[in-house]
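K.L.:
need a structure here:
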Amino acid sequence: MPTTDYIIKVAEATDKSIWQGLCYYLYLSFRKTEGEDFASDLAIGTANLVLGRRPADSKVAEFGN
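P.N.:
The predicted structure is shown next:
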């Protein structure tokens, strides 16, 4: 595998791991005070906002403003 392809593959895996870890951390934090479904949606929306990803829907986009 060429070096460039390897670096891209590692970067993509790292990005995915960071996003998953942040979602899980936020979910556990929100779950203390919120219902399971809302905590999950809020964790995903917040992780996307923190990492500069596009919001999943318009409700989440409003939350980020």
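K.L.:
Please pull out the lowest mean pLDDT helix or strand from this protein.
P.N.:
Lowest mean confidence among the helices and strands of the chain (mean pLDDT, DSSP states H and E): helix 58-64, at a mean of 62.
K.L.:
could you pull out the strands for the chain?
P.N.:
For the chain, applying DSSP state E gives no strands.
K.L.:
Longest helix in it, please.
P.N.:
helix 3-31 (DSSP state H).
K.L.:
Who are the packing partners of that one?
P.N.:
On a contact count with 3 or more Cβ pairs under 8 Å, 6 or more residues apart in numbering; DSSP states H and E, helix 3-31 meets helix 36-50. In short, each C-beta sits where N, CA and C put it, glycine included.
K.L.:
what angle sits between the helix it packs on and helix 3-31?
P.N.:
Using axes from the mean of the first three to the mean of the last three Cα atoms, to 10 degrees, the inter-axis angle of helix 36-50 relative to helix 3-31 is 140 degrees.
K.L.:
and helix 36-50, which residues are buried?
P.N.:
39-49 (16 or more other Cβ atoms under 10 Å).
K.L.:
Lys9: neighbour count?
P.N.:
11 (other Cβ atoms under 10 Å).
K.L.:
what's the answer for the one 5 residues further on, then?
P.N.:
Thr14 has 10 neighbouring residues, counting by other Cβ under 10 Å.
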